[in-house]
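Participant: Mind looking at a prediction? Sequence and model below.
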Amino acid sequence: RPGAAVGIEVSAPPSVTAGAGILTGLTAVDANRNVVTEFDQGNGLVRLKAEGPDAAPAIEVPASAFAQGRATVTINHFRAGTVRVSAEMKSRRSSSGPVEVLPAALHHFDLAMPTQQAQAGVAFRLILTARDAYGNTVSDYDRSGGGVQIHSSGVGEIQPSQVSPASFKNGTAQVDRRSF
């Protein structure tokens, strides 16, 4: 028969998509790493959080959320990068292995333009960055994207107007264009 719970073991997938949530497994264990199947009958509280860039606040998981010493909790994370999910109980802390949070699908483009006014026939540089809904750079846009059509809101047109997916490197394209 297991002893009293002294810690929580944490498991998480190696990768997830931003915004999809990290499905996290929690297991209450005693000093010998035996599963404490009656953990849910106590009044313990586990603090769970993702540690990494722009992490959300910790959430509290009550002992009543455990069944047979185990619980599954989804913790949201929106910033791409590597995180670990940590659990703390009674001042003992444990963490999952690294979880790579990948950018979600393309949502929009950021466009940086020169600060000076474009002159007809003179080249100027545009910088386009592919972004997901959470502001992460969609770094594989060169493989997954369909290109970008550029239009002027004023008089004249920008040439060439098409930016191909191959122009993007790590989610960003720097292209020289002319206004006519």
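Facilitator: Arrived safely, thanks for sending. Since the model is a prediction, treat every value here as computed from it, not as a measurement.
Participant: Only C-alpha atoms from now on, for both contacts and neighbour counts.
Facilitator: Noted.
Participant: What ranges in the chain fall below the confidence cut-off?
Facilitator: Filtered on pLDDT under 70, the chain yields no residues whatsoever.
Participant: in it, which spans are helices?
Facilitator: Ranges of helices in the chain, per DSSP state H, are 141-144.
Participant: In PDB, list the C-alpha atoms belonging to stretch 4-19.
Facilitator: Extracted in PDB, the C-alpha atoms of stretch 4-19 (Å, rounded to 0.1, in the frame of the first residue of the first chain):
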ATOM      1  CA  ALA A   4       1.300   9.600   1.700                       C
ATOM      2  CA  ALA A   5       1.700  11.700  -1.400                       C
ATOM      3  CA  VAL A   6       4.900  13.700  -1.500                       C
ATOM      4  CA  GLY A   7       5.000  14.800  -5.100                       C
ATOM      5  CA  ILE A   8       3.400  15.000  -8.500                       C
ATOM      6  CA  GLU A   9       5.000  13.500 -11.600                       C
ATOM      7  CA  VAL A  10       4.200  15.500 -14.800                       C
ATOM      8  CA  SER A  11       4.000  14.300 -18.300                       C
ATOM      9  CA  ALA A  12       3.300  16.300 -21.400                       C
ATOM     10  CA  PRO A  13       3.600  15.800 -25.200                       C
ATOM     11  CA  PRO A  14       6.900  16.700 -27.000                       C
ATOM     12  CA  SER A  15       5.100  19.300 -29.100                       C
ATOM     13  CA  VAL A  16       1.800  21.200 -29.400                       C
ATOM     14  CA  THR A  17       0.300  24.000 -31.600                       C
ATOM     15  CA  ALA A  18       0.000  27.400 -30.000                       C
ATOM     16  CA  GLY A  19      -3.500  27.900 -28.600                       C
END
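Participant: Check which residues of it are buried.
Facilitator: When burial is assessed from 16 or more other Cα atoms under 10 Å, stretch 4-19 yields the following buried residues: 4-12, 16-19.
Participant: Which one of these is nearest to residue 157?
Facilitator: Set against residue 157, the nearest of those by Cα to Cα is residue 18 (36.6 Å).
Participant: Count the neighbours of the nearest residue to the closest one once chain neighbours are set aside for me.
Facilitator: Taking Cα to Cα, 6 or more residues apart in numbering, and ignoring the residues beside it in sequence, residue 18 has residue 78 as its nearest neighbour in space, at 4.6 Å. When counting by other Cα atoms under 10 Å, one arrives at 23 neighbours for residue 78.
Participant: coming back round to it: just put the buried residues of stretch 4-19 in JSON lines and tack on distance to residue 173.
Facilitator: Compiled in JSON lines, the buried residues of stretch 4-19 are given as follows (distance: Cα to Cα, whole Å):
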{"residue": "4", "distance to residue 173": "57"}
{"residue": "5", "distance to residue 173": "53"}
{"residue": "6", "distance to residue 173": "52"}
{"residue": "7", "distance to residue 173": "48"}
{"residue": "8", "distance to residue 173": "45"}
{"residue": "9", "distance to residue 173": "43"}
{"residue": "10", "distance to residue 173": "40"}
{"residue": "11", "distance to residue 173": "38"}
{"residue": "12", "distance to residue 173": "34"}
{"residue": "16", "distance to residue 173": "26"}
{"residue": "17", "distance to residue 173": "23"}
{"residue": "18", "distance to residue 173": "22"}
{"residue": "19", "distance to residue 173": "25"}
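Participant: Good, wrapping up.
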